[in-house]
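Asks: Fold the following.
(2 chains)
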Amino acid sequence: MAAGSTYTPLATQTLSSSAASVTFSSISGAYTDLVLICSTKDTRVNSGADDFQLQFNNDTASNYSMTYMQGDGSTATSSRNSNATVIAGIEPGFNDTYGTIIYNIQNYSNTTTYKTTLIRYNVVNAIVRATVGLWRNTAAITSVKVIGESGIASGSTFTLYGIAAA
Amino acid sequence: MANTYTLIASNTVGSGGAASVTFSSIASTYTDLLLKASCRSDQSNVARSWRVQANSTDITARNLDAEGNPFVVFSGTSANMNTNGTGSTSNTFNNYDIYIPNYASTTAYKSLSVDGAVENNGTDANLKLVAGLYSANTAISSITCVINAGLFVQYSSFYLYGIKNS
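Replies: Got it, this is the predicted structure:
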């Protein structure tokens, strides 16, 4: 993955004011995988709540599922859900500090398989989490929406990269 | 196509070993940093054996650590990484990715996302996820990998990449 030409920034968004969600749309099918890097927090001061969510192609039906494992500094846990309307996640910002989410969306443009994504949440000084999410749809992914149920704070940055296999 | 994934510097440890490896004078011209570490210790105790510093300061962390034999998953607050050592199979080196978004920001703390693996064809193998934090608004201009006891052995390698969002 070291070759620069295979790791292409498709779009970046920096919030100048808080927003309910961030959407990347009209995503080209010219790449193999997508990587979305988020440096973000919600609009509350102390949270770390399960309220950062992911949807594809504006699909709000119950076509999503996910499984995660996480550690909070003392306890390791795992959980999952099925037939959900989003891939549920955790907001990473905490006490006014931006945290990091990295989404890896494999084989996003094929039209024959359901889509799997690997997600790493890094909640500052609170939680580390790894999630696998599934969208049960064979359509190519052309839009990615990150939803902050409590609002996404100003200053949050989101950059979408395309990874080409060749 | 833009060259957005650039090797900034690399360091391969020589025959004498090294107690630390530092990348200094890191330019602020990128959006994110990615450090790839493949290393091995000259010690037998390899759990929580090395750590990462930003601007000579230890990062803080929440971790999730999985060991397959005996099976155990636990979470803690140590920012120390694991590695292979003298008790490991010959020629085995760990594999760590350390991603730092918005490392050049002068207005926010820096969140780090760390994924690591130590495989050994036996015990002393593990997976580790770390949510790290550098609690300063200062731009990160140096990164140091420090071994807590002994040395990184010859052929331990560290590659620092800069990633641009445009």
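
Asks: Any idea how many residues pack against the residue of chain A at minimum distance from chain B?
Replies: Relative to chain B, the nearest point of chain A is residue A:71 (2.6 Å; Cβ to the nearest Cβ). All C-beta atoms are positioned from the backbone trio N, CA, C, and that covers glycine. Residue A:71: 26 surrounding residues under other Cβ atoms under 10 Å in any protein chain shown.

Asks: do residue A:113 as well
Replies: Look at residue A:113: counted by other Cβ under 10 Å, it has 10 neighbours.

Asks: Does stretch A:136-144 reach chain B?
Replies: No: Stretch A:136-144 lies out of reach of chain B by Cβ under 8 Å from any Cβ of the partner chain, never closer than 15.5 Å.

Asks: For the residue of chain A closest to chain B, give me its contacts.
Replies: Shown in contact with residue A:71 (Cβ atoms under 8 Å, 6 or more residues apart in numbering or on different chains): A:77, A:127, A:128, A:129, B:62, B:63, B:64, B:65, B:74, B:75, B:76, B:129.

Asks: Can you tell me, leaving aside adjacent residues, what's nearest to whatever residue of chain B ends up closest to chain A?
Replies: Nearest residue of chain B to chain A, counting by Cβ to the nearest Cβ: residue B:75, 2.6 Å away. The shortest distance from residue B:75 to any non-neighbouring residue, by Cβ to Cβ, 6 or more residues apart in numbering or on different chains, is to residue A:71 (2.6 Å).

Asks: Any idea which helix or strand in chain B has the lowest mean pLDDT?
Replies: strand B:71-76 (a mean of 88; mean pLDDT, DSSP states H and E).

Asks: Residue A:162 and residue A:42: what is the separation?
Replies: As judged by Cβ to Cβ, to the nearest Å, residue A:162 and residue A:42 stand 27 Å apart.

Asks: next one: residue B:33
Replies: Distance from residue B:33 to residue A:42, by Cβ to Cβ: 25 Å.

Asks: just residue A:32 next, same as before
Replies: Taking Cβ to Cβ, one finds residue A:32 at 32 Å from residue A:42.

Asks: how many neighbours does residue 11 have?
Replies: Here I'm looking at chain A. What residue A:11 shows, counting by other Cβ under 10 Å, is a neighbour count of 16.

Asks: Hmm, no, I was thinking of chain B.
Replies: Other residues close to residue B:11 by other Cβ under 10 Å number 17.

Asks: What ranges in chain A fall below the confidence cut-off?
Replies: A:1-5, A:45-49, A:94-95 (pLDDT under 70).

Asks: hey, where'd the strands end up in it?
Replies: A:7-14, A:19-24, A:33-40, A:52-56, A:64-71, A:76-84, A:87-89, A:99-105, A:115-123, A:127-135, A:144-152, A:157-163 (DSSP state E).

Asks: need those strands in a markdown table with distance to residue B:161, can you?
Replies: Below are the strands of chain A laid out as a markdown table (distance: least, Cβ to Cβ, whole Å):
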| stretch | distance to residue B:161 |
| --- | --- |
| strand A:7-14 | 9 |
| strand A:19-24 | 23 |
| strand A:33-40 | 13 |
| strand A:52-56 | 26 |
| strand A:64-71 | 27 |
| strand A:76-84 | 30 |
| strand A:87-89 | 26 |
| strand A:99-105 | 15 |
| strand A:115-123 | 17 |
| strand A:127-135 | 22 |
| strand A:144-152 | 24 |
| strand A:157-163 | 13 |
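
Asks: touching chain A at all, stretch B:16-35?
Replies: Yes: using Cβ under 8 Å from any Cβ, stretch B:16-35 comes into contact with chain A via B:31, B:32.

Asks: Return the residue of chain A that is most distant from the centre.
Replies: Of all residues in chain A, residue A:74 has its C-alpha farthest from the mean position, at 25.3 Å, by Cα atoms, centre = their mean.

Asks: Let me see the contact set for the closest residue to that residue other than its chain neighbours.
Replies: Closest residue in space to residue A:74, ignoring its immediate chain neighbours: residue B:75 at 6.1 Å, by Cβ to Cβ, 6+ apart. Applying Cβ under 8 Å, 6+ apart, one finds that residue B:75 lies in contact with A:70, A:71, A:72, A:73, A:74, A:75, A:76, A:128, B:62, B:63, B:64, B:65.
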